[in-house]
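1. no sequence on this one, just coordinates:
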């Protein structure tokens, strides 16, 4: 046991300063969620595996953390079955619960389970950790928070407009300059339609999603391998090489998709959302991006992605509209639209750009140094009044040397030190030292409150 | 999949209203933690089993939720070992991680792991869920939150005085009338000493802990069975039948323990803490309770327990001083004192006494009804201004019948409905309806802000 303890790989401890900064992000997002009328819910960390399995593809099933059944976990397994070592089968026999993989499936489960109690449209937000047995690497963790907001039970595009406003507010408050990228899944379907290969929709969108990373030639090569003809690639070309501002792009797209009713429906939806967002005014840059295809199998309308402008990093927020959130749980046809803020990446962006407010040390406003019994009791009395005035403070609990106590205030980044010695005790005052400027003043309690407020 | 989905037994979903109420509790506690200079940390949900096992007794080990290793979890197990079905051994082979059982062991692990970065005394708080594979029953869950605050690296009793102040503030803010019960582990040791059976300390304290539940006769019977003589029981009697106010109890105790140095040290500590708390002033009732023995194997000094005065329920907060938090991880001699608020029981108390503020619906302040395209865009524009003034609001996203929209506001407990029809659109105004009084007024945006602020 003398070995230094550690934590599982891919997980993290958060120190006071890290937590102060994370709380700043969560509180900024939560405040906006609340202002927009979203309600917080929470769901359990553990879900039944029957709820989770099959929802994230075969790869996702493998990335679920499974919880060993309590008691005799081998009860239902015969010797023969044990020796067969059929892992997926044994998995099911040994485990009936798993840790949630995201907040979307638990939310869908929640909506179906509590449908009788929910008022539609239902606006919920949820900020909780999720767990994935992914191989840990830089920026990828096995435990991380998701911050999701969804509106279900309404297919009005006003919800999209409202969510874009919310995104704009969050990044404005955090002082992160961002581009909001927009697309519509129906436009992607339209592209497949005009190419007359609706069955190749997935191949096409996966390929054009890579356009920025690998370039036109490589994308064409991939699509050729998937069976697209030179004629089809030629028809796709204007879409892959779109240029100009949003209006110009929209115009080319509208012409290109003219023969596809689905595509034109997508154009109409996208136009509505863009116009609404423009007319409300916004700070974020707005980019139409017809290569945007995130979560293709899930989204059915609007697709949203947010990128930081001043840091090279993946998307820091994403979302979109879906038409069948709860179908898999036996409640078909529920439309909704949602967004998810990537707290860990937002943290990295704020860190890289040095945008965390200086005040976020998590430290108390004032430290009372401790000169002995009577002085420290006087300090506790003053602290009581300060705290009831909303001013945070603490007493150094031991009568250590002055130097040590001041050093503590320093390294804890406590901005003020309050000193009660014999004189102050007699005068019923306190000497307040500004740790930054070194300035020192003898103050009454009333003055002290005024000064620290 | 058409079967209605459910969640694992002993776990809970929290609805918007429940979350609003839980947040009220967490925010009240967090505010006090911050005012007292505690720093928030977080640790991962999963810890290595080597960190968790052996820390909670044999029974506790069984109650740990263990996580099946990813990949080939049978890799290290031979066929022979499989067929032996030695569950604890297989447990270790199949699982190397578990869910945290409390916040104390992870905190101890944190302190040791990050000792180089920590400034002592270290004041940390932590509000996170914990998991126990307990048999679920009324009020006992398999996932529940703990709210812990600890000060480590200082043996000053001023920390106890400060923590009692914090407890007093929390329950004052929550409007729960409480009794804070105090004891000191050294007094319990003193009792065993004067009975000349220090080896029976555990038996004695377990027995006297039951005095309120089973009465003097039954306790004497138990202690007789444990080998105490009639003479010893006679010496114990004044302690079991203590009466009067705190001063009277303290005085009897002081006489009874006069021959035990350890007991007298406990009396001195307890006196200091009580005197400090009294001289600072308090709202909670303070009760000395020499039968209080919670977490005996853990606490070494002050023992604290809080009971609600107006509801029959177990302790709603507990804590105490310990001298060897981190010894098990190879860092001996670290003294600390901590408290833990029982959020679930506090919730039950607030619920039973109807003490949750009415404003805690989690609902937005105002709902804009939707009469069509132009009206709803105007509503979104007004909402933008309201939200930037810190007023929460939402637009009903669909142009449903007025009755349905008003019904939505009603059942969501949204206090105000804002109506923009043709007239209001032309006048650049809004008609605001108070859903409680039925009062209706046509207002400018500036008036609307004023009214809702």
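-> Okay, I see it. For clarity, every value in this text was computed on a predicted model and none was experimentally measured.
2. quick one: the nearest residue to residue A:232 once chain neighbours are set aside from chain B, how far?
-> Leaving aside its chain neighbours, residue A:232 sits nearest to residue A:195 (4.9 Å; criterion: CB to CB, 6 or more residues apart in numbering or on different chains). In short, each C-beta sits where N, CA and C put it, glycine included. In this view, residue A:195 and chain B are 34 Å apart by CB to the nearest CB, to the nearest Å.
3. Tell me, how many residues neighbour the nearest residue to residue A:270 once chain neighbours are set aside?
-> Nearest non-adjacent residue to residue A:270, counting by CB to CB, 6+ apart: residue A:184, 4.6 Å away. Residue A:184 is flanked by 29 other residues according to other CB atoms under 10 Å in any protein chain shown.
4. picking that back up, tell me, what's the model's pLDDT at the residue nearest to residue A:232?
-> Confidence at residue A:195, expressed as pLDDT, is 91.
5. next one: the one 4 residues further on
-> With respect to pLDDT, residue A:199 has a value of 83.
6. Ok, residue A:375 next?
-> On the pLDDT scale, residue A:375 gets 96.
7. show me the contacts for the residue lying closest to it once chain neighbours are set aside.
-> Closest residue to residue A:375 apart from its sequence neighbours, by CB to CB, 6+ apart: residue A:420 at 4.6 Å. Going by CB atoms under 8 Å, 6 or more residues apart in numbering or on different chains, residue A:420 touches A:368, A:369, A:371, A:375, A:378, A:379, A:382, A:430, A:431.
8. Between the residues you listed, which sits nearest chain B?
-> residue A:379 (8.9 Å; CB to the nearest CB).
9. what's the closest one in contact with, if anything?
-> Contacts of residue A:379 (CB under 8 Å, 6+ apart): A:368, A:370, A:395, A:418, A:420.
10. Give me the neighbour count for the first one.
-> Put plainly, it is residue A:368. Residue A:368: 26 neighbours (other CB under 10 Å).
11. Now compare the contacts of residue A:420 and name the two farthest from each other.
-> A:371 and A:382 (13.6 Å; CB to CB).
12. Output the set of residues of the stretch 301-450 of chain A in proximity to chain B.
-> A:328-330, A:362-364, A:367, A:370, A:376-377, A:380-381, A:383-384, A:387, A:390-398, A:408, A:411-412 (CB under 8 Å from any CB of the partner chain).
13. In helices, which of the residues you listed fall?
-> A:376, A:377, A:380, A:381, A:383, A:384, A:387, A:408, A:411 (DSSP state H).
14. Which among the residues you listed count as buried?
-> A:376, A:377, A:380, A:383, A:384, A:387, A:408 (16 or more other CB atoms under 10 Å in any protein chain shown).
15. Distance-wise, check whatever residue of the stretch 351-453 of chain A ends up closest to chain B relative to residue B:5.
-> Closest contact between the stretch 351-453 of chain A and chain B, by CB to the nearest CB, is at residue A:394 (3.2 Å). Residue A:394 sits 47 Å away from residue B:5, going by CB to CB, to the nearest Å.
16. When those two are compared, which one has more neighbours?
-> Legend: neighbour count by other CB under 10 Å for residue A:394 and residue B:5, higher for residue A:394 (27 against 22).
17. Which helix or which strand is home to the closest residue to the more buried one other than its chain neighbours?
-> Excluding the flanking residues, the one nearest residue A:394 by CB to CB, 6+ apart is residue B:37, at 3.2 Å. Assigned by DSSP states H and E, residue B:37 falls within no helix or strand.
18. repeat for residue A:159
-> helix A:158-174.
19. For chain A, which residues score under the pLDDT cut-off?
-> A:1-3, A:295-296 (pLDDT under 70).
20. Give me the phi and psi for the residue nearest to residue A:270.
-> Note on residue A:184: its backbone torsions stand at phi -140, psi 130 [degrees, to the nearest 10].
21. next one: residue A:151
-> phi -120, psi 120.
22. Pull up the residues of the stretch 101-250 of chain A that are close to chain B.
-> Residues of the stretch 101-250 of chain A lying near chain B (CB under 8 Å from any CB): A:109-110, A:112-114, A:117, A:119, A:121, A:123-124, A:129, A:131, A:133, A:142-143, A:151, A:154-156, A:158-159, A:161-162, A:165, A:169.
23. the helices in the stretch 201-350 of chain A, which residues?
-> A:201-209, A:211-225, A:230-240, A:246-256, A:261-280, A:343-352 (DSSP state H, counting those that start in this stretch).
24. Can you spell out which helices and strands pack onto the third one?
-> In terms of contacts (3 or more CB pairs under 8 Å, 6 or more residues apart in numbering or on different chains; DSSP states H and E), helix A:230-240 is packed against helix A:185-194, helix A:201-209, helix A:211-225, helix A:246-256.
25. again, only this time at 7 Å
-> Using 3 or more CB pairs under 7 Å, 6 or more residues apart in numbering or on different chains; DSSP states H and E as the contact test, the elements touching helix A:230-240 are helix A:211-225, helix A:246-256.
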